[in-house]
Structure formats: structure tokens, C-alpha cells
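Participant: I would like the atomic coordinates for the input below:
(3 chains)
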Amino acid sequence: MNDQLKTDPSKPAQRMRAGSMTLTLGPWIVAAIALLVMPYIFTSNSALTIMNQMWITVVFALAYNMLLGQGGMLSFGHAVYMGLGGFFCMHLMNYIEDFGLAFPLPLLPLFGGLFGMGFAMIIGSFSTSGAGTRFAMISLGVGELIAACSVIIVAFFGGEEGISGDRTYGLPFFGVEFLKQIEVYYLISFWLMLSAVLMYLFSRTPVGRMANAVRDNPERAQFLGYSARWVRFYSFCASGFFCGIAGGLFAISYEILTEENLNATSSGVILLVTFLGGVGFFFGPIIGAIAFTLLQTVLSLQTELWAIYVGGLFLATVMFFPGGLAGLMMMHVPALRLGKAGGLVMPYIKTLIPGAIGVLGVCALIEMTFHFRHAAKGDHEMTLFWTTFDSHTVMPWLIAGIVAAVGLGVARATAPAMKEAWDEANTAGGAS
Amino acid sequence: MELILVNVIDGLVTGLLLFMLSAGLTLIFSMMGVLNFAHASFYMLGAYFAYQISLALGFWVGLLIAPLIVGVMGAGVERYGLRRVHQYGHVPELIFTFGLALLIEELVQFVWGKNQMAYDIPDILNFTAFSIAGNSIPAYKIFMIFISVGIFMGLLYVLTKTRVGMIIQAALSYPRTVEALGHNVPLIFMGVFGVGTALAGVAGVIAGPVLGTFPGMAFVLGSIVFVTIVIGGLGSLWGALVASLLIGWITTFAKSYNIAMSDILNGIGIATPENLSDNMFRDLWTVTSPQIADILPYILMVLILIFRPAGLFGKRES
Amino acid sequence: MKNITKLGAVSALSLIVGATAAFADNIKIAFIDPLSGPFASTGTNGLHQYQFAADHMVNEKGGVLDGQNFEIVPFDNKISPKESLIQLQVAIDQGIRYIAQGNSSGVANALTEAIAKHNKRNPDSRVLFLNYAAVDPALTNDKCNFWHFRFDANADIKMDALTDVMAADDSMKKVYIIGQDYSFGKAVAAAAVANLSSKRPDVEIVGNELHPIGKVKDFTPYARKIVASGADAIITGNWGADMLGLGKSVIENGYEGPIFTYYAAGSGMTAAFGESAKDRIRLISQGGINPIATEEARATYDAFEAKYPEGNIDQSRIFNVIGMLAQAIEGAGTADDVVAVAKQLEGMEYDSMWGGKIFMRPQDHQAIQDMHVGVHTNENIDFDYDNSGYGVFTESTVTMASMDSPTTCKMKRP
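Facilitator: All right, here's what the predicted structure looks like:
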């Protein structure tokens, strides 16, 4: 009865989790440049808004992974720390407006972080004495309590419509008033970089290292003279701090906080995001946050059925790639090191492309079934993959069915060859 | 006074319904360590299947067949999904059930649409059994009580008096030893999962007509089942029963009597502040017990976890 | 590795941006409401009514101005304020100037503020907010702004009309008020208390309480309290599963009187109530369906049913939104200058096919219209809901309800 993540190198599926958390300077510089350049590629306000949402989720997911991936603590109510930090920032923002305080907006997330940490200290004082189910269930209970309070305690949470403010009343920061989306983007990017670096450095400190040790074997960690409880407590507070920062960024970006920022759904989503990205790697949550935001926001513009695909994707990830997307990527590192990754390209093309086409065929069948059942009477026309056709004739069904069957069939037939190539690429020594 | 009796009966119905859900979950949880987030989804599936069957064959056939289908589906999920994920550890298992819950809700909407279903109490039970001071007790509630008590008796008998039950109990604590003795532990796991989900299915079948059959019914139930089994103590059937009844009665009574926070605070000697509308704690003063009835179980759970981590009837710490 | 993900992001983001170019000639209306999740049924049904209204009332009659068509662009906000704000931004970037939303006053609050800020900060791409169902009174009072128009009557107006009807019943002595614990539920309760105490001071309010929204699994304890209080009328603002749960529970547990409410029809609820609630539920709404007001409305409803056999026109005001918007755009002579269109909408008098006139009050942008109180029944029903044989039959009508009601709105015009 232990929900901690344990690393057992004897199990192949877990070996990938033991992957190194060390990063060199290179990726940071690439990331910083990417953050700077992105707004020049996507200039529209909606793209900026979506990217803001992504970066906020990244900070939140990284903070969450400080617990889940690095400390082995599963929290079901983590949205609370982000939400409370955000609410606090929102109140601060309104004070700035009402009393004309001279306060530069860019500093706001720091206060959200401190508030989040303060609350984490209170909760952590009793919840971190055990890991596993006990910690998880206390976090669930506390999460539900705060979410329920948000509707009852109107003075602080503003009830169901939440509280809102205006970010432009702060002290102009070097002449920037944060009227434009792009200014907010750079503010968020700055905090993203700063928080990511700090969280990374935290994982390098003795406490961060001990968090890993406590995750894997609390007893042995105790023998080293560290109290497992205090190590968990420190990780928990640090995580609360960065969640609060994410909340502050949310307040700046949306200028409104509601019950939704605290409820169980948000807490569940961040767990899914982090896991999708991969809990075993520092950069895993980053990938998860980007992928999930795109799925939720962009896919839902394309199809009503987005949630079915997202649910399916999660099941597939858990069943076949428990290391998440990051784990999937890092699986290739040994092959790259051996210089044999090139041998994987052809088998991948042979298997994955037909597989992807087959999956798209299945999606087409799902969409057509949905349209057939739920569209208006007489509305036989539907558009899918840039093709418009009549969903009440046999032809499209036949085509989609054949595409799905052939695609998946080819993928299945070539899978053993890919497996072979994979084994070969991961074997040291000359060609056999 | 009469109202108290009525509330006792209502709380009993709520509690027993909760018990049918938590009984299966507590066995699954303690045996496999899986926080099965999809448990409530199987409850929803039970209601929808029963509704579909009742259209063609009537309520009673639905009551018989729907839980069987749900149980078989549950066993299938264990065999082809969870067993595969099991090797990766508990968190992936949990995420798996999480994703499954999401997927089941979407599939239900895909098949049955997003509206409320007109799933109704069968005519034969649609009458008032008796009245207490003008409060009618529908016959269907009595029927619900009988079904759930029957299931509890059955479970208790199987677990304590039969050989299968003994093996299950042993497998709860020492799966490896049981396996070494030649029992097929994976089969036991699959069976327990199937039976557990079938119980959730039964709960769905009989709760659907009174609590409504709609895509959000699993979500509304939420995490309260986890709360129940944690309060009761993991793996304890008696614990699940006591916790379910406790929660049923606490929430029913809290909703039935308007106890205001200001009354309690005044009672212990704190005076209501003047000009309440400007007071920082104004919302705290105006809180009434029905408002917080549904979060009382969560408060109870947190307190129990702090002071008695094994739960009321649990033998070991989680 | 990260770059590969970024590449994916690049292609996905360019999809949104790419969508901007197409259909430049249509006048686009963004429909931002839940199309997935627990409230999807209301959202999807609303979308169908919008699309049908646009086609039937505008596009098939040659469009507006020089033949421009209305196009409804759906955005799924998952009933989340955060998602709504993202989708609002996407809609604005696609060149959409009209935003329609209705489900949840919380979302409407977030949208109206975001739109006011957006219009202030970006005068080049201003948008109008066509609120067709969010009825929190604050939206046309303290939180009003020039860009927001409400086509539904707000909670206060509805309660005013509802209590007019209730007050006429002399046998009513005890009333129980119950609602969801959030802004709308509280507004309903406050309005009910205020109206009843002035119209019928002899009526005793035997209960006034709030329950958590969307969280109550079993309403039996509430039903017991209501029965025990001896109430002979219930007022509630509940909707969705909370309405069905409360209604079924009180009827099952021995309550004999009527239930006065706002939202207890359509979306499967009429079918689920069925026989048990016959003559028990009384609803306040605009636009009566049974008996139908005009032949035009009858033809419209028939055409709608032919297209959506499983759908209901349970929000007939959607047709008024489309009709009034078309008239305003014609009057302004442009669809791009939303200030001109808004000025046309202000003070507009519109003849609705569902009967009566609709007057868009200029001081707070609240539509004033006839309100009907109907009963849930299966008699004299021309147009039923959910194909159940049951529907809402209009029993009484309040013409131009709350025409002179006060407002605290201080409208700032650009």
C-alpha cells in the first residue's frame, strides 16, 4: 500500500524512469531563445494567449512534478495552491487600483508565490508526515474543502463569478503598462525561465537530492540522518511557492480568478498533464503542458469529440509509454549514443506512418458515426480532413474503413521488424 | 420527533447506496492498491445499461443483467488494461483509471447523448409504503434497503464462510504466499475487480431512477467513495458499512436542520459583530449546516487521517 | 527534443491563424458555450437554434446589407471562464465582431469584463456581447457596459412577473424558497422575498435556503424539510440536474403544491418529469410556444422540428437575437462598425414572431418583453419538448414586464 514512485532498475519499464535529471547549459539557452523568438513567429493575439496559457501550465506542472516525480508524493488537490496564490494576487491588484499604490506589476507573482508557500506550510505541517495514500487523501480532502469554501466565503473568493481586476493600474515598469498581450507574454516568459531555473537548481540542492532518496526508500534516507518528514515538508513548501507564482501569472494574464482555479477538475488535469509529459524527467512536465494545452484549446476548435481522443491518448500513454512523452524521447538516447539511431529511421517510417494513418482512419469513422447520429435531419454533408462528403452514402465509410484497416494492418505487420531494429540499435558492438 | 425517524430512514438509504459502491472499492483498493477513479463510472454504466434494457425487457431484467455486463466489463478492464499497467507501479495505475473515467463519460455521451434519461421507478414499486407525519416513504426506498442489506449479507457470508472468501482475505495481506500455495492470484484479482464493479453496477441500476441518469452522474458522486473507504479503514467491509452509514446520516441530518454558524458561535459566547456586512468574516457567520453538509465527510476524513491514519476499522496504516 | 514539440505547436497554431482567411464575406457570430462536458446538452441545443435561426431568418431571405450571410462559429468553452477568455481571443483574431454566450452568469461576468477591457485597449477590433441567457441582474446594473446586450429578462424581472401570478392565488399561505448557492440562486431568493413581501404581506416565507450547486446527490432531506414546513408553494431558480433532482424528490416525498421555477423544460428534463409533474411545475419564460403566437412562428417551429427531430426551441429569444441583430446591421448600414450597430440596438423596438414587442432599454441594455407563466402538462400541447408529449402551456402573460424597473447602471458610451 504505497503510492510512491519507486525506481527499480531490474524492471525494464522502470529503467527509463531512472534517467538522469541533469541538464547542461545548452537546453536552457535554446529554451530562452525560443521563448524570445516565438512571438515573432506567431504574432496573433490568440496565439499569444494560448502560449501564455501554456507557459503558466508549464510553471504549474513543473511545480507539481517537484512533488510527484522528485518527491514521490501524489497530490489530488494541488490546484488549491495555485488558485490561492492567484486569488491573493488578484486582491493585491485591486488594492493597487483602489489605493493607487506604487507597485510594479512584474513583482506580483512573487507575492502569489509567498502566499502559496504560506498555505503549503500550514497544510504541509500535518499532511507530510506520511507519503503514499495518506498524503494523497489529505490533499484530496483539503482540495475539496477549499473548493467548497470558494463558493461559501464570498468575501475572499467572490463566489461563483470569482474576482477580477485590471492589471494596467500598476506602476509603469520601464514605460511598459501591460496593455498589450505581447507585453504580458514577455512578463510570463521571464517568470517561466526564472522559476524553471530555480526549480531545477532546487532539485540539485541536498534537499532536492534527499527528496529523491526519500521517494525511493524513506527508511534508508532516515539512516543518513535526514528526517523523511522534513524533506517532504521542504519539497511541499517549495512546490507551493512555485504553484503560487503560476497563480500570480494566471491573475495577470486573465485578470480574473474563479472557483474553477481551485476545483478538483483542475487538480486532476495537472496530474494528467504532468504524467503525459513524463514524471521521470525534469523537462517532462514542460512537454506535457504544451501538448495538453494544444489538445484542449486547439483540438476542441476542430471537433466536439476532443475529450474522447484525449481520454484515449491518456490510456494509450499509460499502457504503452508509462515514462510519458519525455520517457519516449529519452528512450532513444542510448541508440543515439551508440550511433545507431539512423538504423531506426526506416523501420519507424514503415510502422508509424501507416499506424498514424490507420488511427486517423479510426478517428474518421468515429466522427462519421457521430455526424450520422447527431447531425440535423437532411444535413448529410460533413467536412473531414479538408474533404466534404455525404455521410449517408456508403463510399466514405468504405474508404475510412479501408484506410483504418490497411493502416493498422501494415503497422501490425511491420511492428516485429521495428522491434528487431530497436533491439539492434540498442545493442552495443558491431552489426550482427 | 417524527422527522428524526424519517431522517434516519433517509440517511440509511443514502448510506446503504454508498456502501454498495464502497464495498467493491475497498476490496479492490486493499488488494491491488489501486485508487480506482473509474469506480463511479461503472456505477453510471450500470444505470445506463439498465435503462436501455428496461426499455425492451422491463426493470427487473435490467436489474439482473446490467450488473453482469458491468462486471464482465470490469473484469475485462482488469485483465487487459490494469494488469498491464500494474508492473509500472501505482501512480500509472491510478492515471489509467483516471483516463478510463474520462473516456467512459465521453463514450456514454457519444452513445446516449447528453440529456437526462427518462429512467423511471417500475410501476409496481411506484407507491407510498407508509407515511410518518405527512412525510411519505416511497416503497422504492424500502426496496433499496432490502437489496443493499441482502448484498451486504451475501458478501459477508462469502468472505468469511467460504473457501473463496478465505483465499481472498489471505490474498489481501500476503499475495505472494497465496500464490506460492498454488492459487491463481491474478485470477482472484480479476474476479474481485469484476465483482466490485458489478456491485457498483447494481448501485447504478437502483439509484438511476431516483437520483437521475445523466452523463454527469459519476462526476457528481465524485470522490466521496474514496472518503468512505478511508474513513472506514482500507480493506474492511465492516468499516465500509459503518463509514457509509455515518456519512449518510451526517449529511442527511446536516441538511435537514438549519443550524447556523452564528447560533453556534453565539452559543459558545462569541457575540455577533455589529455591521456584519462590512466584517471580514461575514461569510463565516452566515454559514448554515445545509451549505456545508456535503463537505463534512471530507473534514471528517482529514481529521481521521491525522489522528487515526488506519481508519475506524482498519488494521494497518495506509 | 523540445524543438520537435515546438514544431508541433507551430503547425497547430498556424491552423488557427489560417482559419482567419476563409469566409471573409459572412458576418460571423461566435457562439461561446459548453459543447462538451456536463452542460453540453444545453449548449448544443442552443447552437442548433442559433444556426437554424441564422439560416431561416437571414440567409434564406437573401442575407443582410448587400447579401451578406450570418455564420455561427461554435467555440467550446467547457463552461470554464478561463477557456471562454481564450476562445474569445481566438474569435476576435478570426475577425469575429459579435459574441453570443448564455450559459452561466459566471462566464458572462468574465466575458463582459474582458470585452470591455479589450474594446478599451484595442479600438480597432471592438466586439459586441450578445448575452442571450445569463440572467444575473448585476450584468445590466453595477457591471453594465456599452458592449453588453441582454436579450433574456433578468432574474429580477422574471421573479416580478412570476410573483404577480402567484399573488393572484389567495389560497397560497406559505412559501418555501430554495436555490443553488451562487450569485444567481441568491438573486432569485432576494427577489422572491422582496416581491412577495410587497405584493402579499400575508404570505409567510417558511423557508429560504441555499444548497451547494451541482453537488447534491440526493434531495430527499431538503424535500423533507419542505414538506414538514407545510409550504403550499415552492420557488426555486434551480436548473439542470439540480432542478430535476429537487422536483422529483419533493413530488415523490409527499409535497402537494406547485413549484414555481425558471428552468425546468427541455434538454431531457420535460421527458424525465413526465406524468409525475403534470400541472405541478409552473415556469416563467419569454416567448410562449403553446399556444403559438403567430403563423410565422408555427412555420418556423415546424421547419426546426423537421431539421432537428430531437431538438426543442426552448430558447426562442435566440431568434430575437438574430432578428434584432440583422435589423440593427441594416439600420447601421455596416456590420464592421460595432459602435454604430450598438447604437441601433439601443432603444430598438422589435416585433417578435413569438408574440409581443421587444424593447432594448437604452439605459442598461436590458431587453423588455412579454413574460409568460406556463404549466408543465400534456393537454393542448402543439409543440412538446423532448418528444415526450409533454410541454409548457401558457397560462398567463405579463406584457412588457418591468418596463419601468430601476437600474443602477451608469452607461459609459464611447
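Participant: Check the burial of residue 223 by counting its neighbours.
Facilitator: In the absence of a named chain, chain A is used. Using other C-beta atoms under 10 Å in any protein chain shown, A:F223 is surrounded by 8 other residues. Any C-beta I mention is one placed from the backbone N, CA and C, and that applies to glycine too.
Participant: That was the other one, I meant chain B.
Facilitator: 22.
Participant: quick one: low-confidence parts of chain C?
Facilitator: Applying pLDDT under 70 to chain C flags residues C:1-24, C:38.
Participant: which one is the residue positioned nearest the centre of it nearest to, not counting chain neighbours?
Facilitator: Residue closest to the average C-alpha location in chain C (C-alpha atoms, centre = their mean): C:A133, at 1.9 Å. Spatial nearest neighbour of C:A133, excluding adjacent residues (C-beta to C-beta, 6 or more residues apart in numbering or on different chains): C:G102 at 2.9 Å.
Participant: give the contact list for the one you found.
Facilitator: The contact partners of C:G102, by C-beta atoms under 8 Å, 6 or more residues apart in numbering or on different chains, come to C:D33, C:G46, C:A108, C:N131, C:Y132, C:A133, C:A134, C:D152, C:Q315.
Participant: and what of A:C89?
Facilitator: Counted by C-beta under 8 Å, 6+ apart, A:C89 has contacts A:L108, A:P109, A:F111, A:G112, A:F115, A:G247, A:G248, A:A251, A:I252.
Participant: three-state assignment of it?
Facilitator: Using DSSP: H, G, I helix; E, B strand; the rest coil, the structure places A:C89 in helix.
Participant: What pLDDT is listed against it?
Facilitator: The per-residue pLDDT reported for A:C89 equals 93.
Participant: Now rank the contacts of C:G102 by neighbours and give me the top one.
Facilitator: Most crowded among the contacts of C:G102, counting by other C-beta under 10 Å, is C:D33 at 30 neighbours.
Participant: That one contacts C:I99, doesn't it?
Facilitator: No: C:D33 lies out of contact with C:I99 (C-beta atoms under 8 Å); the separation is 10.5 Å.
Participant: how near is A:I122 to chain C?
Facilitator: According to C-beta to the nearest C-beta, to the nearest Å, A:I122 stands 24 Å off from chain C.
Participant: Surely that residue forms part of a helix?
Facilitator: Yes: using three-state DSSP, the secondary structure at A:I122 is a helix.
Participant: Residues of the stretch 201-350 of chain A that sit close to chain B?
Facilitator: With the criterion set to C-beta under 8 Å from any C-beta of the partner chain, the stretch 201-350 of chain A comes near chain B through A:264, A:268, A:271-272, A:275, A:279, A:305, A:307-308, A:310-312, A:314-315, A:318-319, A:322.
Participant: returning to what we had before: how about the residue nearest to C:A133, phi and psi?
Facilitator: Per-residue torsions, C:G102: phi -150, psi -30 (degrees, to the nearest 10).
Participant: got it, and the one 4 residues further on?
Facilitator: Comment: the main-chain dihedrals of C:G106 come out as phi -60, psi -50, following degrees, to the nearest 10.
Participant: Settle this for me: it is touching A:S164, isn't it.
Facilitator: No: contact between C:G106 and A:S164 fails when scored by C-beta under 8 Å: they sit 10.9 Å apart.
Participant: Look at those two and report which has more neighbours.
Facilitator: Per other C-beta under 10 Å, whichever of C:G106 and A:S164 has more neighbours is C:G106, with 26 against 22.
Participant: Return the distance of the helix or strand harbouring B:M166 from the chain's centre.
Facilitator: Secondary structure assignment for B:M166, by DSSP states H and E: helix B:163-173. Centroid separation for helix B:163-173 versus its chain: 23 Å, with C-alpha atoms, centre = their mean, to the nearest Å.
Participant: Next: stretch C:27-44.
Facilitator: Centre to centre, stretch against its chain (C-alpha atoms, centre = their mean), the figure for stretch C:27-44 is 12 Å.
Participant: As PDB, could you dump the C-alpha coordinates of it?
Facilitator: The C-alpha coordinates for stretch C:27-44 follow below in PDB (Å, rounded to 0.1, in the frame of the first residue of the first chain):
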ATOM      1  CA  ILE C  27     -20.900  38.200 -40.800                       C
ATOM      2  CA  LYS C  28     -19.700  35.900 -38.200                       C
ATOM      3  CA  ILE C  29     -21.100  35.400 -34.700                       C
ATOM      4  CA  ALA C  30     -19.000  33.500 -32.200                       C
ATOM      5  CA  PHE C  31     -21.100  31.100 -30.200                       C
ATOM      6  CA  ILE C  32     -19.100  30.600 -27.000                       C
ATOM      7  CA  ASP C  33     -20.800  28.000 -24.800                       C
ATOM      8  CA  PRO C  34     -20.300  24.500 -23.500                       C
ATOM      9  CA  LEU C  35     -20.300  21.900 -26.200                       C
ATOM     10  CA  SER C  36     -18.600  19.200 -24.200                       C
ATOM     11  CA  GLY C  37     -18.900  18.200 -20.500                       C
ATOM     12  CA  PRO C  38     -21.800  18.100 -18.100                       C
ATOM     13  CA  PHE C  39     -23.600  21.200 -19.600                       C
ATOM     14  CA  ALA C  40     -23.100  20.200 -23.200                       C
ATOM     15  CA  SER C  41     -26.800  19.400 -23.900                       C
ATOM     16  CA  THR C  42     -28.000  23.000 -23.300                       C
ATOM     17  CA  GLY C  43     -25.000  24.300 -25.300                       C
ATOM     18  CA  THR C  44     -25.500  22.100 -28.200                       C
END
